[in-house]
Structures are given as C-alpha cells and as structure tokens.
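Asks: the sequence and its predicted three-dimensional model are supplied below.
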Amino acid sequence: MVGVKHSLEEVQMTVSHQKSDSPADGPADGPAGGPARLPATAGDCDVLVVGGGPTGMLAATELLRRGVRVRIVERAPDTASFPKALLLWPRTLDLFDDLGLLAATREAAVPIRGFSYFSERRPLAAFDFAEDLTPLCLPQNETERILRTGLHAAGGKVEHGVRLLALEGVDFSGRIDGAAPTTAVLEHADGRLERFRAPFVIGADGAGSTVRAQLGTGFTGSTYETAFALVDAPVEGRLPADRALYYQSAKGALVIVALPDGIFRFFSSLPPGQEVSVPLMQDIVDRRGPRGVRIAEPVVWRSVFRVHARHAADFSLGRVFLVGDAAHVHSPAGGQGLNTGLQDAHNLAWKIAGYLRGELSADVVAGYAGERQAIARRVVRDTDVQTRAWMADGALRTRLRDAAFRIGDRSGLVERLYGPVMAGRRLAYPAVRPSQVPARLTSCRCTGKVPGRVGVGAVFPRAVAVPYGLAGPGTDPSRWHLVGSDRGAASAELLVQSGHIADGFPQLRHLAVPHRALSAHGLCGRAGYFLVRPDGHIQAHGHAGDLERLEDELAHLFGARRPAAGHAATEV
C-alpha cells in the first residue's frame with residue numbers, strides 16, 4: 001500500500017494527540033485533562049464493510065438494494081487481477097440471477113459438465129452433472145468485475161487504499177439491541193487516519209482478517225504439510241473444455257480445469273524444495289497427467305499456495321460479523337470456497353436490512369452465526385476428505401480410495417446424492433423452534449431430510465419460486481412469502497385463515513400455489529403453508545392444525561401483529 005503505515009501502538013499515540021472539534025464523540029479533553037482523540041465521523045452509513053473482494057461487494061450490493069446505506073473499504077490500492085477461485089455453483093448463480101447479473105456471468109464463463117478421476121493415469125470414475133447442477137468456471141477477477149458492475153448499479157463503490165487498523169467500542173456482551181455504534185480506525189493511502197462510526201460492521205477482509213483479530217476470536221483448524229503449485233496457461237494438445245480432470249498417483253495429485261478463452265489451470269502438490277515454474281509443471285504433467293499435452297505461452301498466472309482447513313470460533317460478536325475467508329478457509333477441492341463466502345453475505349444482508357427497518361427482531365440477525373457456522377464446518381470437513389483422497393499414499397489406502405470411486409461411478413450415487421450437495425441444492429438450516437415445524441409427526445416432517453425432498457430450512461425450489469414471483473430479477477428483495485398449498489375445497493378454509501394472519505404483517509405476501517407444482521419439486525403437497533424468507537429458505541411449514549404455530553413464529557420474527565385494515569385477497 002502506498003503511503004505511511006502505522007502499527008496499532010502508533011495509531012493509539014497519534015489518535016490521542018489530534019485535536020477533537022466534535023463534541024459528539026465525547027469531551028475534547030482526554031482522560032484527566034490529557035490530549036484529545038481524533039473525532040469519529042458517522043456520515044450517512046448504516047453498515048461498514050471491511051474488504052472489497054467478491055464477498056464484501058455482494059454483501060454491500062444486497063444491503064444497498066434493500067435501502068441500507070453502506071461504506072466499503074479495501075486495503076489494496078486497486079482492483080484484483082488474479083484469477084484465484086474458479087467455480088460458481090448453481091445456488092450462487094441464483095443469487096447472481098436475482099441481481100440481474102446471470103446473463104453477463106454465463107457469457108464470460110464456461111460450463112464444467114463433469115469431473116473425471118484417474119489413478120496412476122488409468123481412468124477411474126467419471127461424474128457428470130445434470131444441466132441444473134452444472135457449475136460455471138469463471139476466474140475470480142472476472143467474477144469481481146461482474147459483481148462490481150452490480151455494486152455500481154446499486155449506487156455503491158469500493159474505497160481502495162483504506163486499511164482497518166482497529167475497532168473501538170465493540171460490545172463484547174454480544175448484544176444487538178441497544179448496542180452503541182462501533183468505531184473503526186482507518187488509515188488512508190496518504191497516511192491520514194480516520195475514526196469512523198457505524199452501527200454494523202461486516203468483516204470480509206480475508207483469511208488474515210483484521211476484523212477477526214479485533215474480536216479476539218480463534219481461527220481453529222490445520223494447515224496441510226504439502227504445498228501446491230499452480231499454473232494457468234494455454235496448451236498444445238487436446239484437453240476437454242468442459243471438464244475437471246483429477247490425476248491421482250503415489251507421487252501426488254494433479255488437477256486440470258478448463259478456463260475461458262482456451263486457458264487451462266494446472267495445480268499439483270509441489271515436491272519439497274521446488275519452486276513453481278512451467279518446466280516443473282510440465283514434468284509433473286508428463287509423469288502423472290495426460291499424454292501429449294504441452295503447457296504453452298503466454299502463462300497467465302503461476303503461484304504457490306498452502307491449503308488450510310480452518311474456521312472462526314465465532315462468526316459474530318454483537319453487531320460485528322465475519323463473512324467469507326475471514327470466517328472460514330478450506331481446500332479448493334470441489335470449488336466451494338468462493339460460493340460459501342458469497343452465501344454468507346447473502347444470508348447476512350437481508351437480516352441486517354430487516355432489523356434496521358424495524359421489521360425483524362435481533363434474534364433473527366443473531367441467527368446468522370449459527371446457520372453459517374454449521375455450513376462452514378460441513379464444507380471444511382467435506383473438502384478435507386476430498387483433499388486427503390487425492391493425496392492417499394500406501395497400497396491399502398489407494399485401493400480403498402479407488403474402490404470407493406468405482407462404486408460411486410457404477411452406482412450413480414455420487415451424481416444423484418452428492419452432485420446436488422455440491423451445487424448448493426441441499427443447503428439447509430436446521431429448525432431451532434417448535435413453531436417452525438408441524439406439531440404432529442407427519443410424513444413431511446419425517447422425510448424432510450431425505451434426498452429429493454424439501455423441508456424446513458431448505459431453499460424453496462427455484463422452479464416454483466421464479467414463476468410465482470418469490471425470486472428472480474425485479475422481485476422485492478425484502479419480501480417474505482406465505483405460500484399456501486392449493487388443493488381446491490380441501491384447502492379453502494386454510495387459505496382464508498392464513499390470509500387473515502398474513503394481513504397483520506405488511507412485509508408478508510400471501511399466495512396460493514397448486515399442490516401438484518409443490519409436490520413435483522419435493523415439497524409437501526398436503527393442504528398447508530410454507531413461510532419463505534427473503535433469501536429463499538423455508539422458515540416454517542405446517543398444516544391446518546398448525547396456524548397457532550405460524551402466529552407464534554411470525555411474532556418471534558416480526559413482533560406484535562399489526563391490526564389489519566381489511567382482508568386482502570390471496571394471490572393465486
């Protein structure tokens with residue numbers, strides 16, 4: 001970064017010796033008549049986002065389109081040019097679709113229609129993705145370019161060359177209601193210091209997060225002993241342009257992924273004592289990978305990196321939150337990292353926005369940490385298993401791994417069961433209150449976690465959500481939906497009663513959907529209701545005997561019911 005850099009001790013000394021001209025941040029004199037502090041400014045800002053990468057930009061965009069005032073600061077002096085993360089899975093593409101960015105993403109990316117695995121160069125297994133589960137491959141700098149377009153369209157911008165040095169006034173009690181704004185000490189590129197107040201702070205500042213350090217929370221996990229080398233370059237020879245290739249051998253793993261514009265990524269475990277170079281990677285390809293393939297010029301990028309499997313002990317403390325790599329880092333196996341971070345941002349933004357508008361309780365905002373920690377831990381665990389499978393050594397471990405891959409290939413279990421998990425279609429948050437589920441032990445309550453079924457906590461199926469206006473470009477990003485299962489006369493009274501309940505909550509849209517459309521996509525088709533959150537997840541589900549539970553859940557989320565002026569017709 002250009003300009004003067006300050007240590008935290010220097011910041012404290014400098015801040016304490018600068019004259020205050022604002023009584024809003026306390027008296028001009030310091031303790032016992034000592035020097036005054038640099039005044040804190042608030043400006044027109046509800047949320048300070050620290051970190052202007054993809055996760056920070058998405059968090060800001062989601063907040064801005066819900067009417068929240070945002071400031072984004074990024075320590076890097078300019079936009080990133082490195083391709084880094086590659087895969088965007090379908091659940092993430094849903095988020096891009098809602099922002100009107102999907103067409104640009106598809107135009108710039110290439111689809112990866114399957115993964116092929118080899119053992120000592122021999123074909124081992126091939127897993128193909130259904131069209132609705134196919135990820136797109138797009139270098140991270142291009143993903144950031146597209147997200148930046150969306151951010152600018154929403155009225156936001158990233159302030160580059162602004163570094164967070166400290167957070168003051170963090171409420172370590174963890175409360176959200178009644179907590180005072182947090183003050184961020186910021187250093188600009190010219191060495192100027194600024195103290196800036198914001199009601200909420202989001203740390204999207206990467207694996208070395210300053211926000212996380214200021215919270216004092218741990219970053220538990222491990223680092224793999226093996227380093228990895230990476231080369232992005234064109235090739236001479238034939239490689240599939242729509243697949244990822246995994247070459248596993250006793251000497252290490254080699255992964256080859258097709259990128260846009262005829263570029264391929266090669267990454268491999270790095271032999272001890274070696275530096276990354278094209279000749280080294282070519283030697284690895286010649287020994288472990290596809291025959292007849294030459295790495296050509298010009299090389300787009302090369303790098304060495306270590307793989308970590310870590311997550312923060314706490315994803316939030318009061319009104320300060322961690323998202324993306326600041327909260328969790330893990331192996332690139334399966335290309336889940338960027339997706340998990342973007343989904344953190346999506347999960348958090350609507351909650352903060354609803355709270356700031358006075359529509360949601362503090363408990364809803366606090367629920368971010370539990371929901372996303374569970375997901376991050378699962379991703380860290382799953383990617384660790386995949387990485388250790390790549391690096392299996394010893395004859396017995398290799399035979400067991402290869403046997404598992406063959407069984408998965410021949411049975412189709414990986415494509416049917418794990419493909420939807422990787423695509424984000426099995427992403428679900430557990431119910432935490434009885435009011436979220438039916439009172440009786442119904443079939444839908446028992447089968448909600450069965451593959452192919454959609455229960456409480458899961459994403460309401462996109463194939464139903466978009467046609468009925470629950471999701472998609474142009475829909476209201478703050479709207480909750482109470483969806484009734486329309487079974488004609490069998491559900492008529494339930495639809496009327498649930499409509500009366502919905503009348504008391506202006507942020508709630510009530511509509512009826514034919515039960516066949518629901519059951520065709522894994523939802524319970526019995527007469528009942530689904531309460532769907534602004535992020536598309538099912539908050540609660542019940543039947544005719546569960547309307548009191550519905551009222552309890554709405555009261556927990558929104559507070560007291562407002563008197564209705566009159567009953568609005570249910571949308572069909």
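Replies: Yes, it's here.
Asks: how far is the one helix or strand residue 232 maps to from where the chain is centred?
Replies: Using DSSP states H and E, residue 232 falls within strand 219-233. Relative to its chain's centre, strand 219-233 lies at 21 Å (Cα atoms, centre = their mean, to the nearest Å).
Asks: quick one: strands adjacent to it?
Replies: Applying DSSP bridges, strand 219-233 is found paired with strand 264-269 (antiparallel), strand 301-312 (antiparallel).
Asks: mind telling me which of those the model trusts least?
Replies: Lowest mean pLDDT within the strands paired with strand 219-233: strand 301-312, at a mean of 90.
Asks: right, and the strands paired with strand 219-233 - which one's nearest residue 217?
Replies: strand 301-312 (5.3 Å; Cβ to Cβ). All C-beta spots, glycine's among them, are computed from the backbone N, C-alpha and C.
Asks: quick check: residue 528 touching residue 483?
Replies: No: contact criterion Cβ atoms under 8 Å: residue 528 and residue 483 do not qualify, at 9.3 Å.
Asks: ranking the strands paired with strand 219-233 by burial, who's on top?
Replies: Stretch with highest mean neighbour count among the strands paired with strand 219-233: strand 264-269 (a mean of 23; mean count of other Cβ atoms under 10 Å).
Asks: can you name the next helix or strand after that strand?
Replies: Next element after strand 264-269 (DSSP H and E): helix 278-288.
Asks: which other residues reach whichever helix or strand comes after that next one?
Replies: Under the assignment DSSP H and E, the closest C-terminal helix or strand after helix 278-288 is strand 294-295. Here strand 294-295 makes contact (Cβ atoms under 8 Å, 6 or more residues apart in numbering) with 231, 233, 235, 236, 237, 266, 278, 281, 282, 285.
Asks: how about 10 Å then?
Replies: Residues from elsewhere that reach strand 294-295, judged by Cβ atoms under 10 Å, 6 or more residues apart in numbering: 231-237, 264, 266, 278-279, 281-282, 285-286.
Asks: ok so, going back, closest to residue 321 out of the strands paired with strand 219-233?
Replies: Among the strands paired with strand 219-233, strand 301-312 comes nearest to residue 321, with 10.4 Å by Cβ to Cβ.
Asks: what's the angle between the closest one and helix 278-288?
Replies: Interaxial angle of strand 301-312 relative to helix 278-288 (axes from the mean of the first three to the mean of the last three Cα atoms, to 10 degrees): 70 degrees.
Asks: tell me how far strand 301-312 is from the chain's mean position?
Replies: 18 Å.
Asks: what comes up buried for the longest helix along the chain?
Replies: Looking across the chain with DSSP state H, the single longest helix is helix 362-390. The neighbour-count check on helix 362-390 (16 or more other Cβ atoms under 10 Å) flags 362, 364-369, 371-373, 375-376, 379-380, 382-384, 386-387, 389-390 as buried.
Asks: ok, of the contacts of strand 294-295, which come out buried?
Replies: Those of the contacts of strand 294-295 that meet the buried threshold are 231, 232, 233, 234, 235, 264, 266, 278, 281, 282, 285, by 16+ other Cβ under 10 Å.
Asks: surely the first one touches residue 277?
Replies: Yes: taking contacts as Cβ atoms under 10 Å, residue 231 lies within contact range of residue 277: 8.4 Å.
Asks: shared neighbours, the two?
Replies: 299, 302.
Asks: where does the prediction get shaky in this structure?
Replies: Where the chain drops to pLDDT under 70, the residues are 1-38, 40-43, 446-449, 562-572.
Asks: most centrally placed residue in it?
Replies: residue 343 (2.2 Å; Cα atoms, centre = their mean).
Asks: so who does it touch?
Replies: So residue 343 contacts 55, 58, 89, 91-92, 94-95, 323-324, 336, 372, 375-376, 424, 427, 535 (Cβ under 10 Å, 6+ apart).
Asks: for these, pick the one with the most neighbours.
Replies: If you count neighbours using other Cβ atoms under 10 Å, the busiest of these is residue 323, which has 33 neighbours.
Asks: so how far is residue 478 from it?
Replies: Residue 323 is 20 Å from residue 478, where distance means Cβ to Cβ, to the nearest Å.
Asks: please apply the same query to residue 433.
Replies: 22 Å.
Asks: kindly report the same for residue 99.
Replies: 14 Å.
Asks: compare the two (neighbour count), which wins?
Replies: For residue 99 versus residue 478, neighbours defined as other Cβ under 10 Å are more numerous around residue 99 (23 against 16).
Asks: that one against residue 471, yeah?
Replies: No: taking contacts as Cβ under 10 Å, residue 99 lies outside contact range of residue 471: 11.3 Å.
Asks: overlap in contacts, these two.
Replies: Joint contacts of residue 99 and residue 471 (Cβ under 10 Å, 6+ apart) are residue 477.
Asks: re the thing from before, residue 515: which of the buried ones among the contacts of strand 294-295 is nearest?
Replies: Sorting the buried ones among the contacts of strand 294-295 by distance to residue 515 puts residue 264 at the head of the list, at 48.0 Å, by Cβ to Cβ.
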